[in-house]
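Trainee: please work out how this folds:
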Amino acid sequence: MKHTVILLTVIMLTACSSAPKSKSSMIIDINAVKTEAGLVSGVPGGDGTVKIFRGIPFAAPPLGDLRWKAPAPLPHWEGIRKCDVFPPSAMQSKPTPFAMWSKEFMAPEEPLSEDCLYLNLWTAAKTSDERRPVIVWIHGGAFTSGSGSVPLYDGEEMAKKGVVFITINYRLGLLGFLAHPELSQESPNKVSGNYGILDQIAALLWVKSNVVAFGGDPDRVTIAGQSAGSFSVNALVISPLAKGLFHRAIAQSGSMFSSDRLGGSGLTDMEKQGVGLLKRLNIPGIAELRTKPADELIKAGAFLGLTIDDYVLINPSAAYAAGKQNDVPLLTGWNAGDNLSFASPLKAADFIANAEKKYGERADEFLRLFPAGTDEEAKNSQEVLGMLSFGGTNYTWARVQCANGKNPVYLYFFSHVPPGLPNYGAFHSAEFGYALKTLKYWDRPFTDYDHQLSETMSSFWVNFAVSGNPNGKGLPEWTTFDPGSPRVMEFGDRTEVIDLPFQAQLNFLNQF
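Mentor: The predicted structure is shown next:
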């Protein structure tokens, strides 16, 4: 009885403090914001101007029989749910820094859980009628790792710049992307795989239904992400199930216009991979697989990609050719150091032999663009080739949007090298700490110029979320991308529009 009285008192006080300014406006009370599933409370940011809600659930926990099924509706709860600490990240191998990806790029070591469908939200809005633009950030990690709680994804500074900033979790690895004939058979749509993408769509549905209560505008939602998050943005742009859930797209280093496994394979091929995986694990079927502990499944080390199932995802080229994509303004690009190969480079002779085998009578043309006169020259060519084969898929996407879409594209090339040692160049992931204005969470000796670049990039990103156009007062003019005369915004030692780097190389690779 005592607890009931306390709860009723809290709700009554909340109702008083949240008395409507008008029929359409409510004061956003950090102690109790109403969502469709129940009340949530948050915590104040550093200077009190930003309200932070960590760990708001957006779907039912995908446990037991819900493993390998589309996310289920979120159950309602009573009372006020505290959202003051980061939620569990999706099941994955222990997050361990490696190479250039220091702890600032990692998911928290714990908790990791199959119960992972949560989002984090930052808002500086005072009332619900402010209708601030929304950015939903989708984390990277090759669809096997990562989290919405990565330190460099912190949304406080972006919220101060005027957006409602949201990071989301989604199922990963075998738990998020397993396709198998038994799973397809039990599905009402006769498909399987892509559970992680369905989680992202569920998060966007939550945003559409609930973000007004946090001062956001459900009609100005930008999806954004880097690496696997960028592939995810591309997936959502071509997914019929995501139609109307977002209005702009920011994709940083990666797209499904790729021959990489992350770019997607057909349902039949992905089902065969699933059958092979169960055979390797000596597990007879899905029923038994559902009984296995999640950490045991993660140890299997399965690397699975997206499934082109013609339900959740359509082939991207076919989707654009038929005009079936979700046509929204696109801001996209890649980094000078997007080469992700850690293999020892081929010697010049082997590189030349491979080129002759792959490109036949056009091998000489390839070797003019990617020279291999010496082993060192061959090494440099392989680094450029790796960068263009990965990040350069964003260039392909930009061209396809220009040819088949009605909305503009803004293309960038990030070449700035973060200061300090080790020097990994403008490596894959180096840009998003600048774009999200989170350098203060990254242990590097940043200079005044680094912070200036971060201010510029984050302003471009926020302006794009506001209107679909990154340009604004005090910023260099960023012209729309024109495939006939391709120019890009370079974020380097200067911020300026330049001719597209490696244009001849990109045009050659795009023919294959």
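
Trainee: against P108, how distant is R54?
Mentor: 11 Å (CB to CB, to the nearest Å). All C-beta atoms are positioned from the backbone trio N, CA, C, and that covers glycine.

Trainee: swap that for D493, please
Mentor: Using CB to CB, D493 is found at 34 Å from P108.

Trainee: these two: which has the busier surroundings?
Mentor: P108 (16 against 11; other CB atoms under 10 Å).

Trainee: check which helix or strand the most centrally placed residue in the chain maps to.
Mentor: Centroid-nearest residue in the chain: G229, 2.2 Å away (criterion: CA atoms, centre = their mean). Using DSSP states H and E, the element containing G229 is helix 228-238.

Trainee: go ahead and confirm V497 touches S485.
Mentor: No. V497 lies out of contact with S485 (CB atoms under 8 Å); the separation is 11.3 Å.

Trainee: overlap in contacts, these two.
Mentor: Between them, V497 and S485 share no contacting residue under CB atoms under 8 Å, 6 or more residues apart in numbering.

Trainee: of those two, who's got more company?
Mentor: More crowded of V497 and S485, by other CB under 10 Å: V497, with 14 against 9.

Trainee: mind checking pLDDT for the more buried one?
Mentor: With respect to pLDDT, V497 has a value of 97.

Trainee: what touches both of R54 and P108?
Mentor: Common neighbours of R54 and P108, using CB under 8 Å, 6+ apart, are F86, S149.

Trainee: in stretch 79-87, what counts as buried?
Mentor: I80, R81, C83, F86, P87 (16 or more other CB atoms under 10 Å).

Trainee: tell me how far the ends of it are from each other?
Mentor: In terms of CA to CA, to the nearest Å, the two terminal residues of stretch 79-87 are separated by 19 Å.

Trainee: need the residues that contact it.
Mentor: For stretch 79-87, the surrounding residues in contact (CB under 8 Å, 6+ apart) are 7, 10, 14, 31-32, 38-43, 53-57, 108, 116, 118, 120, 149, 169.

Trainee: likewise stretch 227-235?
Mentor: Stretch 227-235 is touched from outside by 137-143, 146, 170, 196-197, 200, 223-225, 249-258, 262-264, 306, 313, 316, 332, 394, 397, 428-429, with contacts defined as CB under 8 Å, 6+ apart.

Trainee: export the lengthiest helix in the chain to CSV, keeping only CA atoms.
Mentor: In the chain, ranked by residue count with DSSP state H as the criterion, the top helix is helix 448-467. What follows is helix 448-467 as a C-alpha-only set of coordinates in CSV (Å, rounded to 0.1, in the frame of the first residue of the first chain):
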residue,chain,number,x,y,z
ASP,A,448,42.4,23.8,-32.3
TYR,A,449,42.0,22.8,-35.9
ASP,A,450,40.6,19.4,-35.0
HIS,A,451,37.9,21.0,-32.9
GLN,A,452,37.2,23.5,-35.6
LEU,A,453,36.8,20.7,-38.1
SER,A,454,34.5,18.9,-35.7
GLU,A,455,32.4,22.0,-35.3
THR,A,456,32.2,22.3,-39.1
MET,A,457,31.3,18.7,-39.8
SER,A,458,28.8,18.4,-37.0
SER,A,459,27.1,21.6,-38.2
PHE,A,460,26.9,20.1,-41.7
TRP,A,461,25.3,17.0,-40.3
VAL,A,462,22.8,18.9,-38.2
ASN,A,463,21.8,21.2,-41.0
PHE,A,464,21.2,18.2,-43.2
ALA,A,465,19.0,16.7,-40.5
VAL,A,466,17.1,20.0,-40.4
SER,A,467,16.4,20.5,-44.1
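
Trainee: which of the contacts of stretch 79-87 are buried?
Mentor: For these, a burial check counting by 16+ other CB under 10 Å picks out 10, 14, 31-32, 38-42, 53-57, 108, 116, 118, 120, 149, 169.

Trainee: show me these that map onto strands.
Mentor: Secondary structure defined by DSSP state E assigns G38, L39, V40, S41, F53, R54, G55, I56, P57, Y118, N120 of the buried ones among the contacts of stretch 79-87 to strands.

Trainee: as TSV, these with distance to L112 would be great.
Mentor: Shown next, in TSV, are those (distance: CB to CB, whole Å):
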residue	distance to L112
G38	25
L39	27
V40	23
S41	25
F53	21
R54	16
G55	14
I56	19
P57	17
Y118	13
N120	16
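
Trainee: count of neighbours near G46?
Mentor: Neighbourhood size, G46 [other CB under 10 Å]: 10.

Trainee: again, but for the one 5 residues further on
Mentor: Residue neighbour count, defined by other CB under 10 Å, stands at 26 for K51.

Trainee: if you drop the residues flanking it in sequence, what lies closest to it?
Mentor: Using CB to CB, 6 or more residues apart in numbering and skipping residues adjacent in sequence, the residue nearest K51 is I30, 4.7 Å away.
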